[in-house]
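Asker: A structural model of the following input is requested.
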Amino acid sequence: MNQYIAAIDQGTTSSRCIIFDHDGSVVSVAQKEHRQFFPRAGWVEHDPEELWLNTREMGAAALAKADLRRQDIAAIGITNQRETTVVWDRTTGKPVHNAIVWQDTRTDRLVEELAGDHGADRYRDATGLPLSTYFAGPKIRWILDNVDGARALAEQGRLAFGTVDSWILWKLTGGLGEDGQEPGVHITDVTNASRTMLMNLETLQWDPQICDEFGIPMSMLPEIRSSSEVYGHARERGPLAGVPIAGILGDQQAATFGQACLSPGEAKNTYGTGNFLLLNTGTKPVRSEHGLLTTVCYRIGEAPAVYALEGSVAVTGSLVQWLRDNLGIIESAGDIEGLAASVPDNGGAYFVPAFSGLFAPRWRPDARGVIAGLTRFVEKGHLARAALEATAYQTREVIEAMHADSGVELSTLKVDGGMVANGLLMQFQADILGVPVVRPVVAETTALGAAYAAGLAVGFWDSEDDIRRNWATGRTWEPAMDEDDRERLYAEWNKAVERTYNWA
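Answerer: So this is what the prediction gives:
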């Protein structure tokens, strides 16, 4: 009997279930978008119940599309939007507030308060992260401080915190444990825990001192486990009932794993809602001096944890959504390539999408978005092109910081994510970097990475060598831009970025 691995990919804009075969090829995909809530400027929320219901529905749909039964699935892997924060009541199973999304900036004053006289790097040695609205720890504190009764419930041990992987796993393994079932397991993996600001990078456990200084009871926190082991089984009622859940990776670490970046010095860049470049640095954490994050890349079972340097860019694919939804200059995200290709260049316009401030390597929460260089000549084709080019410029900034920290000279860039279908963007990325850009045959590397982690735990794949063998080049873009043009464009981009400072 052929068996397969199911990957649940709960992302920023949608929930998906993708089923893979032993070669790492996609057998079935089901996907459903969820609502985005913007209660105030800078606030971004999701409904945790909607995330769970969509996830469950897509699991059933993916099985049905491939005419598979749960007996055909050897294991389930979970990958998720990182840093997004859910707090729920263990006694009712209900979230006490909407999920606060990683892009949300409501904790800006709290972050300044926590920094105090120590500055933004107060916890960087322990956690690898600067104090920022990006991470989950300040979001938990905000909920405890601002939701009526939440602090008292937390101190009674009634509240549970999780990044989205923990929430989905808890629901998938039984939730409250009704109808005689065991309650769900409250677990996260090292990659997601490393994005909270509450985990010590060396011990791979919650840091009691940081939790105390954040004002977060440790009773709320899930148990930290590896990225590849059996955590539990899907509950008795459901499309995947009885299947072991055996892999968890935050989405960007999952993409790194799925891209077979398994040796120090190998890197990938994911083009999604935001952009995330990860460089495998091996089994010792490398501290950044140039604005990058030190994070856990993955941990397979009892093996030592593998670390990464990461450059996180907040707004790339979501800028295309903004052009579609807020300005209406395109009808669908796929229209942007044709519109951008209708002009030969950006017409002198530069779009810096600092909607949530600037992330790596600048870390400027005071920045806000600008369009610079406008003249009467500029029309919507130029704006579309400037929006795509912004993604490539921001990627170059991160790669330069990564080179400064690691000394690793990039020879090619492995890419994945939804935007890599855009050939114009990929060509411009190769041009502005001066190195080839390589897209794999299987572009669904985030879900594939979670599938690999789960499959390794149950023996579906024997070793990481199987992952390396499955990776194959799909398309390569070679740089074709003159060096003078490359440096002129990048210098003008930097001038535009500096116009965004000191706004908020």
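Asker: now stretch 401-411: how far from the chain's centre is it?
Answerer: With CA atoms, centre = their mean, to the nearest Å as the basis, stretch 401-411 stands 22 Å off its chain's centre.
Asker: and the end-to-end length of it?
Answerer: 15 Å (CA to CA, to the nearest Å).
Asker: show me where the stretch 401-504 of the chain has its helices.
Answerer: 423-433, 445-457, 464-470, 483-498 (DSSP state H, counting those that start in this stretch).
Asker: can you give me the strands in the stretch 301-450 of the chain?
Answerer: 306-313, 350-352, 370-372, 413-416, 437-440 (DSSP state E, counting those that start in this stretch).
Asker: which of these sits most buried?
Answerer: strand 306-313 (a mean of 26; mean count of other CB atoms under 10 Å). For glycine as for every other residue, the C-beta is placed from the backbone atoms N, C-alpha and C.
Asker: circling back to that earlier point, of the strands of the stretch 301-450 of the chain, which is nearest Pro239?
Answerer: strand 413-416 (27.0 Å; CB to CB).
Asker: what lines up beside that closest one in the sheet?
Answerer: strand 267-271 (parallel), strand 437-440 (parallel) (DSSP bridges).
Asker: can I get the ones you listed in a markdown table including mean pLDDT?
Answerer: Formatted as a markdown table, the strands paired with strand 413-416 follow (pLDDT from 0 to 100):
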| stretch | mean pLDDT |
| --- | --- |
| strand 267-271 | 89 |
| strand 437-440 | 92 |
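Asker: save these as CSV, and put in distance to Asp416 too.
Answerer: As requested, the strands paired with strand 413-416 are exported to CSV (distance: least, CB to CB, whole Å):
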stretch, distance to Asp416
strand 267-271, 5
strand 437-440, 7
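Asker: so which of the strands of the stretch 301-450 of the chain is nearest Ile330?
Answerer: Ranking these by proximity to Ile330 (CB to CB) places strand 350-352 first, at 14.0 Å.
Asker: low-confidence ranges, the protein, go.
Answerer: Within the chain, the ranges that satisfy pLDDT under 70 run 1, 179-180.
Asker: count of neighbours near the residue nearest to Asp431 when sequence neighbours are not counted?
Answerer: Leaving aside its sequence neighbours, Asp431 sits nearest to Met481 (CB to CB, 6 or more residues apart in numbering; 3.6 Å). Met481 is flanked by 16 other residues according to other CB atoms under 10 Å.
Asker: separation between Met481 and Phe428?
Answerer: Distance, Met481 to Phe428, using CB to CB, to the nearest Å: 8 Å.
Asker: one more: Asp416?
Answerer: For Asp416, the distance to Phe428 - CB to CB - is 17 Å.
Asker: thinking again about what came up before, the residue nearest to Asp431 and Leu433 touch, don't they?
Answerer: No. In this structure Met481 lies outside contact range of Leu433 using CB atoms under 8 Å: 9.7 Å.
Asker: would a markdown table of the strands of the stretch 301-450 of the chain with distance to Thr391 be doable?
Answerer: A markdown table is the format used below for the strands of the stretch 301-450 of the chain (distance: least, CB to CB, whole Å):
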| stretch | distance to Thr391 |
| --- | --- |
| strand 306-313 | 8 |
| strand 350-352 | 10 |
| strand 370-372 | 15 |
| strand 413-416 | 11 |
| strand 437-440 | 12 |
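Asker: which of the ones you listed sits closest to Phe20?
Answerer: With CB to CB as the criterion, Phe20 lies closest to strand 437-440 of these, at 13.5 Å.
Asker: just to revisit the earlier point, point out the most buried one among the helices of the stretch 401-504 of the chain.
Answerer: Of all these, helix 445-457 has the most neighbours on average by mean count of other CB under 10 Å, namely a mean of 31.
Asker: elements contacting that one?
Answerer: Secondary-structure packing of helix 445-457 (3 or more CB pairs under 8 Å, 6 or more residues apart in numbering; DSSP states H and E): strand 4-10, strand 14-20, strand 73-80, strand 228-233, strand 244-250, helix 251-258, strand 267-271.
Asker: pull the CA atoms of that helix into PDB?
Answerer: Provided in PDB are the C-alpha atoms of helix 445-457 (Å, rounded to 0.1, in the frame of the first residue of the first chain):
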ATOM      1  CA  THR A 445       8.900  24.100   0.200                       C
ATOM      2  CA  THR A 446       7.300  25.300   3.400                       C
ATOM      3  CA  ALA A 447       4.700  22.500   3.500                       C
ATOM      4  CA  LEU A 448       7.300  20.100   2.200                       C
ATOM      5  CA  GLY A 449       9.700  20.900   5.100                       C
ATOM      6  CA  ALA A 450       7.000  20.100   7.600                       C
ATOM      7  CA  ALA A 451       6.200  16.900   5.800                       C
ATOM      8  CA  TYR A 452       9.900  15.900   5.800                       C
ATOM      9  CA  ALA A 453      10.100  16.500   9.600                       C
ATOM     10  CA  ALA A 454       7.100  14.300  10.200                       C
ATOM     11  CA  GLY A 455       8.200  11.600   7.800                       C
ATOM     12  CA  LEU A 456      11.600  11.300   9.300                       C
ATOM     13  CA  ALA A 457      10.000  10.800  12.800                       C
END
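Asker: how distant is stretch 8-25 from the center of its chain?
Answerer: 14 Å.
Asker: what residues sit buried inside it?
Answerer: Across stretch 8-25, burial judged by 16 or more other CB atoms under 10 Å covers 8-13, 15-20, 24.
Asker: in a markdown table: the residues you listed, plus distance to Glu202.
Answerer: As requested, the buried residues of stretch 8-25 are arranged in a markdown table below (distance: CB to CB, whole Å):
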| residue | distance to Glu202 |
| --- | --- |
| Ile8 | 30 |
| Asp9 | 30 |
| Gln10 | 29 |
| Gly11 | 30 |
| Thr12 | 30 |
| Thr13 | 35 |
| Ser15 | 34 |
| Arg16 | 34 |
| Cys17 | 35 |
| Ile18 | 34 |
| Ile19 | 37 |
| Phe20 | 34 |
| Gly24 | 33 |
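Asker: so what touches stretch 480-497?
Answerer: 350, 352, 358, 362, 367, 370, 372-373, 389-390, 393, 396, 427, 430-432, 434 (CB atoms under 8 Å, 6 or more residues apart in numbering).
Asker: repeat that for 7 Å
Answerer: Applying CB atoms under 7 Å, 6 or more residues apart in numbering, the contact partners of stretch 480-497 are 350, 352, 370, 372-373, 393, 396, 431-432, 434.
Asker: just flag the most distant two among these.
Answerer: Taking CB to CB as the measure, the contacts of stretch 480-497 have their most distant pair in Val370 and Gly434, spaced 26.4 Å apart.
Asker: the residue sitting furthest away from the middle of the chain and Ile330: what is the separation?
Answerer: No residue in the chain sits farther from the centre than Arg376, which is 38.1 Å out by CA atoms, centre = their mean. Distance check for Arg376 against Ile330: by CB to CB, it reads 22 Å.
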